[in-house]
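In: Predicted structure and sequence below. I'll ask about it afterward.
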Amino acid sequence: MKSRQHLHITSLLLLLLFLISSPPVESLTLQESMTDCEVLIIGGTTAALGAALASASSVKTCLTEPTDWVGGQLTAEGLPAIDFAWHKVIDPVTLKVVDVASINLNLANRNPLFTKILQTAEAGVQNPGKCWVSRVCTTPIAMMQAIEQEVAAKAENLTVFLNTVPKSVQLDTTGRNIIGVEVIQRTKTNTPPKNFTFLSEEIDDWYSRENSQQYNKQVLNFSGFKFIADMTSFGDLMVLSNASYLQGIAEEFDGDVSGKGNDTCGQSFTFDFAETLYANETEDIPVPNPPNSPPINSSWFKHDGYTWQEVVTYRRVQAAADEGSMFVVKAGDITVENWGQGNDQKWIYLFPTKQDTQAQIPDWKGGINKDALIMAEALAVEYHRWFRNNAPADWANRNVISPVVMNTTTGLAKMPYLRDTRRSIGINDFLVTVKNISGTAEQVVGTIFEDRVGLGAYDVDIHGQQGCNYPAYMKNHYDILPYYIPFRALTNRDIDNMLVAGKTMATSFLANAAFRLHPEEFTSGQAAGAAMAFAVENGISTSTGIYERIKEVQEIVKKFTPLSWTINGTLYPPSQ
C-alpha cells in the first residue's frame, strides 16, 4: 500500500510542494480494497495530523487528506500564524491575576512535538514574519516542510492518501460500529488546467466516483480497521454514519444536547489568501470572481481604526531580511489576509440544515452549502482588490495576490478556514461547556477532569454571522482559565469505534470557540491518536472501553503532551 503514494517535497519559487508518486492512470483499477490499516483517520485538519503522528508511533495508521497539503490550519487552510492566548483573568475583589498569556508562553511544556514542528518551520528565526497576531508567523510551505519531516519519520506505520475524500460508510449489524469506508482518490489528468479554478468549481468533482476532464478517480474501500476517527473539516463521518451531532447555536444555555436552536447560525468562515509587496508598481494578477458569485458591497470592508501597514503586518508570514519595527512594511513582505472586516464570510453559514444534510447522504458531497463557499471566495477576491485600491500613496499598486504562496491558481487557500463545524455528542451525552473552562482567578484552572488527555488555553473567540439572533448568554463575557481536554470529548454516543478531535469534538458552541485554535486541535488529535493505538494494542473495541482504562491511556498520552498545568511553580493538579 505504501508504494502507491508517497509524500515528497520539491522546490517551486518560494514553495515546497507535496507531490504524489502514482502509477499511470490507465493502470489504476476502479475499486481497490484497503485492509492494512489498524487505525483509519479521515481528516484534513490540524487535529488529524496530530492523531496520525501519535497513532503511527505504534500501530499501522492511514490518513486521508482532501487536498495535497497535510495539516489543516497550518497549511491547506492558509493560516500558519499560530493562535495563542493573550488574555488575563483578574479577580475583581482580591485582584488576583491569572496571566494566561504568560502561562501559555512555555509551549514546549504543553506539547513538545507541536513545538518542534513550529521551530522547524521557523528555521531558527523566531517569528520570521514579524507579525503581531502571534509569536509564530511563517509561510504555509515552511509548515509543510516541517510536517513532512515528521510524516517521513513515521513512514513505517503511516500511509497518507492525498487528494482523498469520504463518500460513504458501512455499519455493522448493530449500527454502532463503522466497518467500512468508501473514499474517492483523484489524480490529475493531462488536461491543461484552467487559468483560475476555485474550490466551489471543483468540490463536487472531488466527491464524484466518475472520472472527469480534470481528474481520474480511484475508489478505495477501507475495511479491517479497529478504530476510525472523524477529524474532517465538515464532520463527514458523523453524518454518513447517522451519529449524533450538534451544529450551530443552542437556544438554551451552553451544554444543551437536544439540538434545539438555530442550525444555520454559527461562526463566519474565511478563505485566506496571500499577497506580496513589491518595490515598484506591479500589475496585479487578474483573478476573476468565481462563477455564479453574488455582488460584493465594498462598504463591508473596514480596517476598524488600524492602518494599512498594521493590517499588512498583522499576519505577515515573511518579512524583509532588514526589517526594523514590527509595524514597518517593506518590499518582499508577504502577508496572509484573514481579517474580520475583510474576508470573513459572515452572510451565509457553510452548512445547510440537518434535515437538508440528511437528504444529501445518498450522493455525499461534503454536506455543505455551496452558495456559502462561492460567496466566501468572491469576498476574498474583492477584499484583495479593495485592499490594493486603498493602499497609501507610497504603496499604491505595489501589493499583488500571490498564488504561488498557497499553491493554487487563484491565490486563495486550498480549503476554507472554518471556525466551527459539526460537533459530536459524547458518550453519556457528554459535552464540554463554557462552565468547564471559565471561572475566577482564585480557581486558577478550569474543571480538572479525571479523564483529562490534554491542555488548552484560549479565550472564547466568536466571529459572528450577520442576520443571526444570538441568545443572550452568548453575548456575555466569560473569563477563560487554562483548561483541560477530557477524553469523553473525543467520543460519540452512537458510534463505538469512532473518536473525534479538533472542531468535531463534543463541545458546546461556546467551548468550541475556545478549543478551535491550532495548539488545541493538534493536542486533542494527539490524544485521540494515542488512545486509538492503545485500544488496538489491548484489544479494546469501544470508546467506552478506552474510558474504563483511562488511567493507562493517560500514561501513554503523557508521552506526547502533559496533563497538568505548571503555574507559578505549582502543578495543577499536583498528582501528574
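Out: Perfect, I can see it now.
In: Show me what counts as buried in the longest strand seen in the chain.
Out: Counting residues, the longest strand found in the chain (DSSP state E) is strand 178-188. Neighbour-count burial for strand 178-188, counted by 16 or more other CB atoms under 10 Å, picks out 178, 180-187. Heads up, the C-betas are built off the backbone N, CA and C, glycines and all.
In: Over to stretch 265-281?
Out: Buried residues in stretch 265-281 (16+ other CB under 10 Å): 265-277.
In: and if you look at stretch 50-61?
Out: 50-61.
In: Looking at the residues you listed, which are in helices?
Out: Counting by DSSP state H, the part of the buried residues of stretch 50-61 found in helices is 50-55.
In: Just send those back as JSON lines, with pLDDT and distance to residue 575 too.
Out: As requested, those are arranged in JSON lines below (pLDDT from 0 to 100; distance: CB to CB, whole Å):
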{"residue": "50", "pLDDT": "98", "distance to residue 575": "25"}
{"residue": "51", "pLDDT": "98", "distance to residue 575": "26"}
{"residue": "52", "pLDDT": "98", "distance to residue 575": "30"}
{"residue": "53", "pLDDT": "98", "distance to residue 575": "27"}
{"residue": "54", "pLDDT": "98", "distance to residue 575": "23"}
{"residue": "55", "pLDDT": "98", "distance to residue 575": "27"}
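In: Distance to residue 456 added to those residues, as TSV?
Out: Converted to TSV, these look like this (distance: CB to CB, whole Å):
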residue	distance to residue 456
50	13
51	16
52	20
53	18
54	17
55	20
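In: Which of those residues sits closest to residue 145?
Out: Ranked by distance to residue 145 (CB to CB), those are led by residue 53 at 15.4 Å.
In: what sits against residue 328?
Out: 309, 313 (CB atoms under 8 Å, 6 or more residues apart in numbering).
In: sec struct for it, please.
Out: Taken by DSSP: H, G, I helix; E, B strand; the rest coil, the conformation at residue 328 corresponds to coil.
In: Look up how far residue 396 lies from it.
Out: Note on residue 328: its distance to residue 396, by CB to CB, to the nearest Å, is 18 Å.
In: Over to residue 366?
Out: The spacing between residue 366 and residue 396, counted by CB to CB, is 40 Å.
In: Residue 458 now?
Out: Residue 458 sits 38 Å away from residue 396, going by CB to CB.
In: Between those two, which is the more surrounded one?
Out: residue 458 (24 against 12; other CB atoms under 10 Å).
In: Distance of the more buried one relative to residue 194?
Out: Residue 458 is 39 Å from residue 194, where distance means CB to CB.
In: repeat for residue 147
Out: Distance, residue 147 to residue 194, by CB to CB: 28 Å.
In: now do residue 365
Out: Note on residue 365: its distance to residue 194, by CB to CB, is 20 Å.
In: The two: which is more packed in?
Out: Neighbour tally, residue 365 and residue 194, criterion other CB under 10 Å: the higher count belongs to residue 365, 17 against 11.
In: so what's the more buried one up against?
Out: Counting by CB under 8 Å, 6+ apart, the residues that residue 365 touches are 203-204, 206-208.
In: wait, which of the buried residues of strand 178-188 is closest to residue 563?
Out: Relative to residue 563, and with distances defined as CB to CB, the nearest of those is residue 178, at 28.6 Å.
In: Assess the claim that the closest one and residue 170 are in contact.
Out: Yes - the criterion here is CB atoms under 8 Å, and residue 178 meets it with residue 170 at 7.1 Å.
In: ok, back up a step: indicate each strand paired with the longest strand of the chain and its parallel or antiparallel sense.
Out: Take DSSP bridges as the rule and strand 178-188 pairs in its sheet with strand 164-171 (antiparallel), strand 215-223 (antiparallel).
In: so which of the ones in helices among the buried residues of stretch 50-61 comes closest to residue 445?
Out: residue 50 (22.2 Å).
In: Export the contacts of residue 365 as JSON lines, with columns for pLDDT.
Out: Shown next, in JSON lines, are those (pLDDT from 0 to 100):
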{"residue": "203", "pLDDT": "98"}
{"residue": "204", "pLDDT": "97"}
{"residue": "206", "pLDDT": "98"}
{"residue": "207", "pLDDT": "97"}
{"residue": "208", "pLDDT": "96"}
